[in-house]
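**Student:** Task: produce atomic coordinates for the following.
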Amino acid sequence: MKKKWVVVVLAMLAAQYASAMKIITLSKFQYGKRWAFTKEEVQLMCRPDHALYALSISTLMQYPLNEKAEQQRKEGHVHAQPIEVILLDDPDHPGQKMSIAPFVERAQQLCVDNTTP
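**Tutor:** Residues are numbered from 1 along each chain as shown. Modelled structure (predicted):
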């Protein structure tokens, strides 16, 4: 009986965590020349602690978009790779990667608490 209770509690916690995390899917088509990733599509997510990630839909690998997420990656709290792994080179600025600023901004919008007026 105790095992069933533990399973029920864990399932409830997982459901609560999943509902608190917001996700949006973006594509290269939507951003055109501003697209920063080697993947055709990514999902952006905001975790409850405002850690922002890009998620490769094809590999399910996470990539940190802000310092909070990078810290979690470095500390081993999440299975993730550095964002540079999937960034395109900027054709207008040789030696630089494309800016992720529009994607960080969009991911931050997911963190806004919709319950406040």
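
**Student:** Where do the strands of this protein begin and end?
**Tutor:** 22-27, 41-46, 52-56, 62-64 (DSSP state E).

**Student:** Quick one, which of the ones you listed gets closest to Glu75.
**Tutor:** Ranking the strands of the chain by proximity to Glu75 (C-beta to C-beta) places strand 62-64 first, at 11.4 Å. For the C-beta atoms, the positions are set from N, CA and C on the backbone; glycine is no exception.

**Student:** what helices or strands is that closest one leaning on?
**Tutor:** Packed against strand 62-64, as judged by 3 or more C-beta pairs under 8 Å, 6 or more residues apart in numbering; DSSP states H and E, are the following elements: strand 52-56, helix 67-74.

**Student:** Pipe these into a markdown table and attach mean neighbour count, mean pLDDT and distance to Met98 per row.
**Tutor:** Output for the helices and strands packed on strand 62-64, formatted as a markdown table (neighbours: other C-beta atoms under 10 Å; pLDDT from 0 to 100; distance: least, C-beta to C-beta, whole Å):
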| stretch | mean neighbour count | mean pLDDT | distance to Met98 |
| --- | --- | --- | --- |
| strand 52-56 | 23 | 97 | 12 |
| helix 67-74 | 16 | 96 | 18 |
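
**Student:** right, and the ones you listed - which one's nearest Pro91?
**Tutor:** That would be, of the helices and strands packed on strand 62-64 and by C-beta to C-beta, strand 52-56, which comes in at 20.5 Å.
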